[in-house]
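Asks: next come a sequence and a model predicted from it.
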Amino acid sequence: MPTSPTSILSEIEISKPISKKTRAFYRRRLQSRIHRLIRKAFREQREKAGLTQKQLADRIQSRAEQINRWLNVPSNLTLDTISDLLLGMAVDLDDPSTTPIVDLVAEEEEQRSDIAAQTDTHIKDVSAVLDGPHNPIDVQLNSSPKPSLASEPLSFESFAGHARMIQDLQAAPGGS
C-alpha cells in the first residue's frame, strides 16, 4: 500500500492501474464505514424502540447468531444484506454522497499542518514554564533541581508522532 495520502493520490491521478493493496485498503475502509452506519442504526433503534438482535433476525428471516456477527464484525456484506438489515430496523439510508480523493488528501494535509503548528506552540509553552522562575516541578519538589525526564529535550518530531498516533487511533473503528 502506498505510504502516504499523497502517493495514493498520485497513483490515482496519473490514470495508471491502481494497485491491489490500494484497492484492498479502500474496500476495507468502506466496509468499516458501512459497518459503523449499520451499528449506529441498530443502537438507535434499540434505544428508541427496544429492538433486539433476535427481533431483527425474526423480521428478516435470519438467525440471531448471524445478526450478531454482522453487527459485531465489519465484513464484506452484500447490498442485499445491507438492505435487509436496514429494512429490518425500519430505517433507510439517506442519500450517500461522494468526495473526490484529492479533496480528502488536501484536507488531511491541512489537518496535519494544523496539528504540527499546535504541537510546536505547546512545546514552546511547556518549555517556557519549565525554564521559567516558577517551574511547577521545582515547586512541587520543594525547589529541588528539575528531574531529568530524558537525556535529550523532547523534539517536535516526538510530539508530532504522538499526535499522529492519537489521530490514527481515533480514526480506527471503535475510536472516539
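Replies: Yep, that arrived.
Asks: pLDDT score for Lys48?
Replies: Lys48 carries a pLDDT value of 95.
Asks: if I look at it, how far off is Ala90?
Replies: 10 Å (Cβ to Cβ, to the nearest Å). Glycine gets a C-beta too; all of them are placed from N, C-alpha and C.
Asks: element containing Ile18?
Replies: According to DSSP states H and E, Ile18 maps onto no helix or strand at all.
Asks: I'd guessed it sits against Ile12; true?
Replies: Yes. Assessed by Cβ atoms under 8 Å, Ile18 is found in contact with Ile12 at 6.2 Å.
Asks: how does the protein divide into domains?
Replies: Split into domains by automatic domain parsing, the chain comes to 5-88, 101-171.
Asks: mean pLDDT lowest where, among these?
Replies: Going by mean pLDDT, the lowest-scoring of the domains of the chain is domain 101-171, which has a mean of 65.
Asks: grab the nearest non-local neighbour of Ile82.
Replies: Among residues not flanking Ile82 along the chain, Ile34 sits closest, at 6.4 Å (Cβ to Cβ, 6 or more residues apart in numbering).
Asks: now the element after the helix or strand hosting the one you found, going C-ward?
Replies: Using DSSP H and E, Ile34 sits within helix 20-49. Remark: after helix 20-49, the chain's next helix or strand is helix 53-59, criterion DSSP H and E.
Asks: now the spatially closest residue to Leu37 that is not a sequence neighbour, what's its secondary structure?
Replies: Counting by Cβ to Cβ, 6+ apart, Leu37 lies nearest to Leu93, which is 7.6 Å off, once chain neighbours are set aside. Put simply, Leu93 is coil when judged by DSSP: H, G, I helix; E, B strand; the rest coil.
Asks: got it, and Ala106?
Replies: Three-state call for Ala106 (three-state DSSP): helix.
Asks: the helix holding Ile34 packs against which elements?
Replies: Packing contacts for helix 20-49, counted by 3 or more Cβ pairs under 8 Å, 6 or more residues apart in numbering; DSSP states H and E, involve helix 5-13, helix 64-72, helix 79-88.
Asks: quick one: closest of the ones you listed to His122.
Replies: For those, the distance to His122 is smallest for helix 5-13, at 24.4 Å, taking Cβ to Cβ.
Asks: so what's Gln53 up against?
Replies: Contact partners of Gln53, counting by Cβ atoms under 8 Å, 6 or more residues apart in numbering, are 64, 67-68, 71.
Asks: write a PyMOL command that selects only the buried members of those.
Replies: Restricted to buried positions by 16 or more other Cβ atoms under 10 Å, the PyMOL selection for these reads:
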select buried, resi 67+71
